[in-house]
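J.: Pasting a predicted model and its sequence here:
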Amino acid sequence: MARKFLYLVAGLIMVAVLGLIALTIWSKELTELALVPSGDFVEQQPLDTNAYNDPKMWLSRPGMGTGDPARWQPAQVRDGVAMPLPVDDAPDFAVFFIHPTSYLDRANWNAPIDDPQSQNVARIYVKGMASPFNAASEIWAPRYRQATMGSFLTKGEEGQKAIDAAYRDVKQAYGFFVASVDQNTPIVLVGHSQGALHLLRLLREEVAGSDIAPRVAAVYAIGWPISVEQDLPALGFPACATPGQPGCILSWSSFAEPADPSALLETYAGSIGFDGKPRGESRILCINPLTGSVNGEAPAERNLGTLVPEADYSTGELIPAAVPARCDERGLLLIGDPPEVGSAVLPGNNYHVYDIPLFWKNVQQDVIARVEAWGKTS
(Lines give C-alpha, C1' and ligand atoms only; values in the text may rest on other atoms or scores of the structure.)
Protein backbone atom coordinates (compact mmCIF):
# COMPACT_ATOMS: atom_id res chain seq x y z
CA MET A 1 0.00 0.00 0.00
CA ALA A 2 2.80 2.42 0.94
CA ARG A 3 4.66 1.71 -2.29
CA LYS A 4 1.52 2.31 -4.37
CA PHE A 5 1.07 5.63 -2.59
CA LEU A 6 4.63 6.68 -3.41
CA TYR A 7 4.05 5.82 -7.07
CA LEU A 8 0.93 7.98 -6.98
CA VAL A 9 2.83 10.93 -5.49
CA ALA A 10 5.66 10.54 -8.00
CA GLY A 11 3.11 10.42 -10.78
CA LEU A 12 1.48 13.61 -9.59
CA ILE A 13 4.86 15.36 -9.54
CA MET A 14 5.60 14.23 -13.07
CA VAL A 15 2.18 15.29 -14.34
CA ALA A 16 2.72 18.73 -12.86
CA VAL A 17 6.22 19.07 -14.28
CA LEU A 18 5.25 17.82 -17.74
CA GLY A 19 2.34 20.23 -17.70
CA LEU A 20 4.69 23.10 -16.92
CA ILE A 21 7.00 22.07 -19.75
CA ALA A 22 4.16 21.96 -22.26
CA LEU A 23 2.76 25.26 -21.08
CA THR A 24 6.15 26.93 -21.27
CA ILE A 25 6.59 25.76 -24.84
CA TRP A 26 3.14 26.81 -26.00
CA SER A 27 2.57 30.28 -24.56
CA LYS A 28 2.67 32.48 -21.53
CA GLU A 29 -1.06 33.11 -21.95
CA LEU A 30 -1.83 29.40 -21.74
CA THR A 31 0.43 29.06 -18.72
CA GLU A 32 -1.53 31.74 -16.88
CA LEU A 33 -4.81 30.13 -17.90
CA ALA A 34 -3.72 26.79 -16.47
CA LEU A 35 -1.93 27.86 -13.28
CA VAL A 36 -2.94 31.37 -12.23
CA PRO A 37 -6.07 31.43 -10.04
CA SER A 38 -8.96 33.32 -11.62
CA GLY A 39 -10.63 34.21 -8.34
CA ASP A 40 -9.92 37.16 -6.08
CA PHE A 41 -7.23 36.87 -3.46
CA VAL A 42 -8.70 35.95 -0.09
CA GLU A 43 -6.79 37.38 2.85
CA GLN A 44 -5.37 34.60 4.99
CA GLN A 45 -6.40 34.51 8.63
CA PRO A 46 -3.30 34.70 10.84
CA LEU A 47 -2.23 31.44 12.39
CA ASP A 48 -2.73 31.11 16.11
CA THR A 49 0.15 32.68 18.00
CA ASN A 50 1.16 29.24 19.31
CA ALA A 51 0.50 27.40 16.02
CA TYR A 52 4.06 26.17 15.65
CA ASN A 53 3.99 24.65 19.12
CA ASP A 54 2.07 21.85 17.41
CA PRO A 55 4.45 19.17 16.06
CA LYS A 56 2.02 18.63 13.16
CA MET A 57 2.98 22.08 11.82
CA TRP A 58 6.45 20.79 10.98
CA LEU A 59 7.57 18.52 8.15
CA SER A 60 10.78 18.02 10.10
CA ARG A 61 11.67 18.87 13.67
CA PRO A 62 13.54 17.33 16.62
CA GLY A 63 11.86 14.27 18.09
CA MET A 64 10.19 12.95 14.92
CA GLY A 65 12.38 9.86 14.85
CA THR A 66 12.47 7.54 11.84
CA GLY A 67 9.52 9.31 10.23
CA ASP A 68 11.53 12.52 9.72
CA PRO A 69 12.16 12.94 5.95
CA ALA A 70 15.15 15.25 6.53
CA ARG A 71 16.92 12.45 8.43
CA TRP A 72 16.84 10.08 5.47
CA GLN A 73 20.22 8.74 4.35
CA PRO A 74 20.84 7.54 0.78
CA ALA A 75 23.21 4.70 -0.05
CA GLN A 76 26.47 5.52 -1.82
CA VAL A 77 27.58 3.57 -4.89
CA ARG A 78 31.22 2.49 -4.79
CA ASP A 79 32.66 0.20 -7.46
CA GLY A 80 29.13 -0.54 -8.63
CA VAL A 81 27.92 -1.57 -5.16
CA ALA A 82 25.45 0.48 -3.06
CA MET A 83 26.75 0.80 0.49
CA PRO A 84 25.06 2.39 3.53
CA LEU A 85 26.18 5.99 4.00
CA PRO A 86 27.11 6.96 7.57
CA VAL A 87 26.30 10.43 8.86
CA ASP A 88 29.44 12.56 8.96
CA ASP A 89 30.56 13.79 12.37
CA ALA A 90 29.91 17.46 13.03
CA PRO A 91 29.56 19.94 15.89
CA ASP A 92 26.05 20.74 17.05
CA PHE A 93 24.15 23.08 14.73
CA ALA A 94 20.51 23.80 13.97
CA VAL A 95 19.00 24.07 10.48
CA PHE A 96 15.92 26.04 9.45
CA PHE A 97 14.78 24.73 6.04
CA ILE A 98 12.07 26.36 3.88
CA HIS A 99 10.77 24.01 1.19
CA PRO A 100 10.02 25.05 -2.42
CA THR A 101 6.63 25.30 -4.11
CA SER A 102 4.67 22.05 -4.05
CA TYR A 103 1.19 23.52 -4.67
CA LEU A 104 0.14 24.03 -8.30
CA ASP A 105 -3.63 24.22 -7.88
CA ARG A 106 -5.38 27.33 -9.21
CA ALA A 107 -8.30 26.90 -6.82
CA ASN A 108 -6.52 29.03 -4.19
CA TRP A 109 -3.82 31.67 -4.15
CA ASN A 110 -2.33 30.00 -1.07
CA ALA A 111 -2.20 26.31 -0.30
CA PRO A 112 -4.49 25.18 2.51
CA ILE A 113 -2.28 24.06 5.38
CA ASP A 114 -3.96 20.63 5.34
CA ASP A 115 -3.86 20.06 1.55
CA PRO A 116 -2.70 16.44 1.34
CA GLN A 117 -1.24 16.47 -2.17
CA SER A 118 1.01 19.50 -1.74
CA GLN A 119 2.11 18.35 1.71
CA ASN A 120 3.10 14.92 0.43
CA VAL A 121 5.12 16.48 -2.38
CA ALA A 122 6.71 18.87 0.14
CA ARG A 123 7.85 15.85 2.19
CA ILE A 124 9.56 14.45 -0.90
CA TYR A 125 11.30 17.80 -1.40
CA VAL A 126 12.44 17.81 2.24
CA LYS A 127 13.71 14.25 1.83
CA GLY A 128 15.82 15.16 -1.18
CA MET A 129 16.87 18.73 -0.33
CA ALA A 130 17.11 18.94 3.47
CA SER A 131 18.78 15.55 3.94
CA PRO A 132 22.27 16.85 2.95
CA PHE A 133 22.09 18.88 6.17
CA ASN A 134 21.35 15.83 8.33
CA ALA A 135 24.64 16.00 10.21
CA ALA A 136 22.89 18.77 12.15
CA SER A 137 21.81 18.20 15.71
CA GLU A 138 18.44 19.81 14.86
CA ILE A 139 16.53 20.25 11.59
CA TRP A 140 13.34 22.31 11.47
CA ALA A 141 11.23 22.50 8.29
CA PRO A 142 7.85 24.21 8.73
CA ARG A 143 4.62 23.61 6.93
CA TYR A 144 3.31 26.93 5.61
CA ARG A 145 0.53 28.24 3.42
CA GLN A 146 2.77 28.56 0.39
CA ALA A 147 1.86 30.70 -2.60
CA THR A 148 0.57 28.61 -5.49
CA MET A 149 2.77 28.27 -8.57
CA GLY A 150 0.58 30.71 -10.51
CA SER A 151 1.44 33.49 -8.07
CA PHE A 152 4.87 33.69 -9.70
CA LEU A 153 3.44 33.80 -13.24
CA THR A 154 1.26 36.88 -12.98
CA LYS A 155 1.96 40.59 -12.70
CA GLY A 156 -1.32 41.10 -10.86
CA GLU A 157 -1.24 42.24 -7.25
CA GLU A 158 -2.91 39.00 -6.13
CA GLY A 159 0.31 37.08 -6.76
CA GLN A 160 2.36 39.34 -4.51
CA LYS A 161 -0.35 39.22 -1.84
CA ALA A 162 -0.16 35.42 -1.87
CA ILE A 163 3.63 35.51 -1.56
CA ASP A 164 3.38 37.99 1.32
CA ALA A 165 0.84 35.75 3.08
CA ALA A 166 3.14 32.75 2.74
CA TYR A 167 6.03 34.76 4.14
CA ARG A 168 4.06 35.64 7.27
CA ASP A 169 3.75 31.94 8.09
CA VAL A 170 7.46 31.39 7.46
CA LYS A 171 8.34 34.36 9.65
CA GLN A 172 6.19 32.98 12.47
CA ALA A 173 7.82 29.55 12.16
CA TYR A 174 11.27 31.15 12.17
CA GLY A 175 10.43 32.98 15.40
CA PHE A 176 9.48 29.69 17.04
CA PHE A 177 12.66 28.05 15.72
CA VAL A 178 14.89 30.80 17.16
CA ALA A 179 13.14 30.63 20.52
CA SER A 180 13.52 26.84 20.62
CA VAL A 181 17.21 26.51 19.78
CA ASP A 182 19.86 26.91 22.47
CA GLN A 183 21.40 30.37 22.25
CA ASN A 184 24.91 28.91 22.01
CA THR A 185 24.08 26.71 19.00
CA PRO A 186 25.10 27.95 15.54
CA ILE A 187 22.36 28.26 12.95
CA VAL A 188 22.23 27.36 9.26
CA LEU A 189 19.43 28.85 7.14
CA VAL A 190 18.33 27.02 3.98
CA GLY A 191 15.68 27.66 1.34
CA HIS A 192 15.07 26.54 -2.23
CA SER A 193 13.05 28.36 -4.91
CA GLN A 194 9.99 29.91 -3.17
CA GLY A 195 11.71 28.90 0.07
CA ALA A 196 14.80 30.87 -0.95
CA LEU A 197 12.68 33.92 -1.76
CA HIS A 198 11.20 33.86 1.74
CA LEU A 199 14.65 33.26 3.21
CA LEU A 200 16.05 36.36 1.50
CA ARG A 201 13.26 38.43 3.00
CA LEU A 202 13.95 36.91 6.42
CA LEU A 203 17.58 37.92 6.08
CA ARG A 204 16.69 41.52 5.27
CA GLU A 205 13.90 42.00 7.79
CA GLU A 206 14.67 39.67 10.71
CA VAL A 207 18.28 38.46 10.67
CA ALA A 208 20.62 41.17 9.36
CA GLY A 209 21.83 43.32 12.25
CA SER A 210 19.96 41.26 14.86
CA ASP A 211 21.28 39.34 17.85
CA ILE A 212 20.87 36.17 15.78
CA ALA A 213 23.16 37.27 12.92
CA PRO A 214 26.45 36.38 14.69
CA ARG A 215 25.14 32.84 15.20
CA VAL A 216 24.51 32.21 11.49
CA ALA A 217 27.20 29.82 10.28
CA ALA A 218 25.94 29.72 6.68
CA VAL A 219 23.02 30.70 4.44
CA TYR A 220 21.98 28.50 1.50
CA ALA A 221 19.55 30.48 -0.68
CA ILE A 222 19.40 28.12 -3.65
CA GLY A 223 17.40 28.30 -6.88
CA TRP A 224 16.50 31.99 -6.67
CA PRO A 225 18.71 34.55 -8.49
CA ILE A 226 20.50 37.09 -6.30
CA SER A 227 22.03 40.18 -7.91
CA VAL A 228 25.59 40.64 -6.70
CA GLU A 229 25.36 44.40 -7.13
CA GLN A 230 21.76 45.18 -6.21
CA ASP A 231 20.68 42.48 -3.75
CA LEU A 232 23.69 41.18 -1.85
CA PRO A 233 24.49 44.41 0.04
CA ALA A 234 21.00 44.39 1.61
CA LEU A 235 21.26 40.84 2.98
CA GLY A 236 23.71 41.49 5.78
CA PHE A 237 26.05 38.63 4.83
CA PRO A 238 28.79 38.42 2.19
CA ALA A 239 29.03 35.86 -0.60
CA CYS A 240 31.10 32.80 0.27
CA ALA A 241 34.45 33.66 -1.29
CA THR A 242 36.32 30.59 -0.04
CA PRO A 243 35.48 27.04 1.09
CA GLY A 244 35.01 26.78 4.83
CA GLN A 245 34.25 30.49 5.23
CA PRO A 246 31.58 30.96 7.93
CA GLY A 247 28.79 33.51 8.05
CA CYS A 248 28.28 33.83 4.31
CA ILE A 249 25.72 33.15 1.55
CA LEU A 250 25.71 30.38 -1.05
CA SER A 251 23.44 30.46 -4.09
CA TRP A 252 23.31 28.82 -7.52
CA SER A 253 20.88 27.95 -10.33
CA SER A 254 21.70 24.84 -12.36
CA PHE A 255 21.49 24.41 -16.14
CA ALA A 256 22.79 21.57 -18.31
CA GLU A 257 24.27 22.37 -21.70
CA PRO A 258 23.27 23.56 -24.18
CA ALA A 259 21.51 25.89 -21.76
CA ASP A 260 18.63 28.18 -22.66
CA PRO A 261 18.04 30.35 -19.58
CA SER A 262 16.15 33.01 -21.56
CA ALA A 263 12.92 32.63 -19.57
CA LEU A 264 14.75 33.03 -16.25
CA LEU A 265 16.93 35.91 -17.45
CA GLU A 266 13.98 37.78 -18.97
CA THR A 267 12.06 37.65 -15.71
CA TYR A 268 15.17 38.49 -13.70
CA ALA A 269 16.02 41.50 -15.89
CA GLY A 270 12.58 43.04 -15.40
CA SER A 271 12.42 42.41 -11.66
CA ILE A 272 13.22 45.03 -9.04
CA GLY A 273 16.31 44.58 -6.92
CA PHE A 274 16.52 45.17 -3.20
CA ASP A 275 17.98 48.60 -4.01
CA GLY A 276 14.72 49.58 -5.75
CA LYS A 277 16.14 49.48 -9.29
CA PRO A 278 15.56 46.96 -12.14
CA ARG A 279 18.11 44.15 -11.99
CA GLY A 280 18.66 44.24 -15.74
CA GLU A 281 21.81 42.36 -16.78
CA SER A 282 23.49 42.56 -13.40
CA ARG A 283 25.53 39.49 -12.53
CA ILE A 284 23.80 36.73 -10.57
CA LEU A 285 25.55 35.35 -7.50
CA CYS A 286 27.02 31.92 -8.25
CA ILE A 287 28.78 29.89 -5.60
CA ASN A 288 30.19 26.73 -7.15
CA PRO A 289 29.04 23.89 -4.84
CA LEU A 290 31.99 21.72 -5.89
CA THR A 291 34.59 24.30 -4.82
CA GLY A 292 32.66 26.16 -2.11
CA SER A 293 33.77 29.49 -3.56
CA VAL A 294 32.36 32.25 -5.72
CA ASN A 295 32.45 31.57 -9.48
CA GLY A 296 35.07 29.10 -10.68
CA GLU A 297 34.99 25.70 -12.34
CA ALA A 298 35.40 22.09 -11.20
CA PRO A 299 35.41 18.74 -13.04
CA ALA A 300 33.01 15.90 -12.25
CA GLU A 301 35.76 14.19 -10.25
CA ARG A 302 35.27 16.85 -7.57
CA ASN A 303 31.62 15.79 -7.14
CA LEU A 304 31.52 13.47 -4.12
CA GLY A 305 27.97 12.25 -4.71
CA THR A 306 24.94 13.17 -6.83
CA LEU A 307 21.61 11.93 -5.49
CA VAL A 308 19.86 9.88 -8.20
CA PRO A 309 16.33 8.94 -7.11
CA GLU A 310 14.43 5.79 -7.93
CA ALA A 311 11.45 6.27 -10.24
CA ASP A 312 9.00 6.22 -7.34
CA TYR A 313 11.04 8.68 -5.21
CA SER A 314 10.98 6.24 -2.31
CA THR A 315 14.77 6.05 -2.19
CA GLY A 316 17.89 6.93 -4.15
CA GLU A 317 21.63 6.45 -4.43
CA LEU A 318 24.65 8.74 -4.40
CA ILE A 319 26.74 8.49 -7.56
CA PRO A 320 30.23 10.02 -7.30
CA ALA A 321 31.95 11.93 -10.13
CA ALA A 322 28.70 12.25 -12.12
CA VAL A 323 28.29 16.01 -12.60
CA PRO A 324 30.79 18.87 -13.12
CA ALA A 325 30.02 22.53 -12.38
CA ARG A 326 31.17 25.93 -13.61
CA CYS A 327 29.81 29.42 -13.10
CA ASP A 328 29.41 31.28 -16.38
CA GLU A 329 29.72 35.00 -17.03
CA ARG A 330 26.04 35.61 -16.21
CA GLY A 331 26.23 33.84 -12.86
CA LEU A 332 24.45 30.64 -13.88
CA LEU A 333 25.80 27.25 -12.83
CA LEU A 334 26.44 25.06 -15.87
CA ILE A 335 26.67 21.29 -15.29
CA GLY A 336 27.80 19.98 -18.70
CA ASP A 337 25.86 17.34 -20.60
CA PRO A 338 22.36 16.64 -19.22
CA PRO A 339 22.76 14.08 -16.41
CA GLU A 340 20.23 11.30 -15.92
CA VAL A 341 18.90 12.20 -12.49
CA GLY A 342 15.15 12.08 -13.15
CA SER A 343 12.48 13.40 -15.48
CA ALA A 344 11.66 16.67 -13.69
CA VAL A 345 13.87 18.79 -15.96
CA LEU A 346 12.36 22.12 -17.02
CA PRO A 347 12.64 23.69 -20.48
CA GLY A 348 16.01 25.07 -21.51
CA ASN A 349 17.84 22.25 -19.70
CA ASN A 350 16.91 23.90 -16.42
CA TYR A 351 17.79 21.51 -13.56
CA HIS A 352 16.07 23.72 -10.98
CA VAL A 353 14.42 20.81 -9.15
CA TYR A 354 17.83 19.16 -8.75
CA ASP A 355 19.86 22.19 -7.61
CA ILE A 356 20.72 20.56 -4.27
CA PRO A 357 20.57 16.80 -5.07
CA LEU A 358 23.10 17.26 -7.90
CA PHE A 359 25.71 18.08 -5.25
CA TRP A 360 24.27 16.18 -2.25
CA LYS A 361 27.50 14.95 -0.68
CA ASN A 362 29.47 18.14 -1.38
CA VAL A 363 26.73 20.19 0.29
CA GLN A 364 26.86 17.89 3.32
CA GLN A 365 30.61 18.38 3.70
CA ASP A 366 30.40 22.09 2.89
CA VAL A 367 28.01 22.88 5.73
CA ILE A 368 30.05 20.86 8.23
CA ALA A 369 33.20 22.78 7.26
CA ARG A 370 31.48 26.14 7.67
CA VAL A 371 30.01 25.21 11.05
CA GLU A 372 33.42 24.03 12.24
CA ALA A 373 34.99 27.29 11.04
CA TRP A 374 32.25 29.27 12.79
CA GLY A 375 33.16 27.48 16.03
CA LYS A 376 36.79 28.55 15.72
CA THR A 377 35.89 32.22 15.20
CA SER A 378 33.00 32.64 17.64
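T.: Cool, the structure landed.

J.: Can you tell me the centre-most residue of this structure?
T.: H192 (1.5 Å; C-alpha atoms, centre = their mean).

J.: quick one: that residue and A122 touch, right?
T.: No - the criterion here is C-beta atoms under 8 Å, and H192 misses it with A122 at 11.2 Å. No exception for glycine: its C-beta is placed from N, CA and C like everyone else's.

J.: anything in contact with each of those two?
T.: H99 (C-beta atoms under 8 Å, 6 or more residues apart in numbering).

J.: can you give me the strands for the stretch 201-350 of the chain?
T.: Using DSSP state E, counting those that start in this stretch, the strands of the stretch 201-350 of the chain run over residues 216-222, 248-250, 254-255, 287-288, 293-294, 297-298, 306-309, 316-319, 325-327, 333-334.

J.: outside of the fifth one, which residues touch it?
T.: Residues from elsewhere that reach strand 293-294 (C-beta under 8 Å, 6+ apart): 239-243, 285-288, 327.

J.: Recalculate using a threshold of 7 Å.
T.: With contacts defined as C-beta atoms under 7 Å, 6 or more residues apart in numbering, strand 293-294 is touched by 239-243, 286-287.

J.: Relative to that strand, what are the paired strands and their orientations?
T.: Next to strand 293-294 in the sheet, as set by DSSP bridges, lie strand 287-288 (antiparallel).

J.: Now pLDDT too, for the contacts of strand 293-294, in TSV please.
T.: What follows is those, written out as TSV (pLDDT from 0 to 100):
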residue	pLDDT
A239	98
C240	98
A241	96
T242	96
P243	95
C286	98
I287	98
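
J.: If any of these are buried, give me the ChimeraX selection for them.
T.: To isolate the buried ones among the contacts of strand 293-294 in ChimeraX, judged by 16 or more other C-beta atoms under 10 Å, type:
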select :239,240,243,286,287
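
J.: Just name the most buried of the strands of the stretch 201-350 of the chain.
T.: strand 216-222 (a mean of 28; mean count of other C-beta atoms under 10 Å).

J.: That strand: how far from the chain's middle?
T.: 11 Å (C-alpha atoms, centre = their mean, to the nearest Å).

J.: Rounded mean pLDDT for it, please.
T.: Across strand 216-222, the average pLDDT comes to 98.

J.: List the pairing partners of it within its sheet, with orientation.
T.: Strand 216-222 has these strand partners (DSSP bridges): strand 187-192 (parallel), strand 248-250 (parallel).

J.: and the longest one, what's its mean pLDDT?
T.: To tie it back to what came earlier, the one meant is strand 187-192. The average pLDDT within strand 187-192 is 98.

J.: That concludes my questions; thank you for your assistance.
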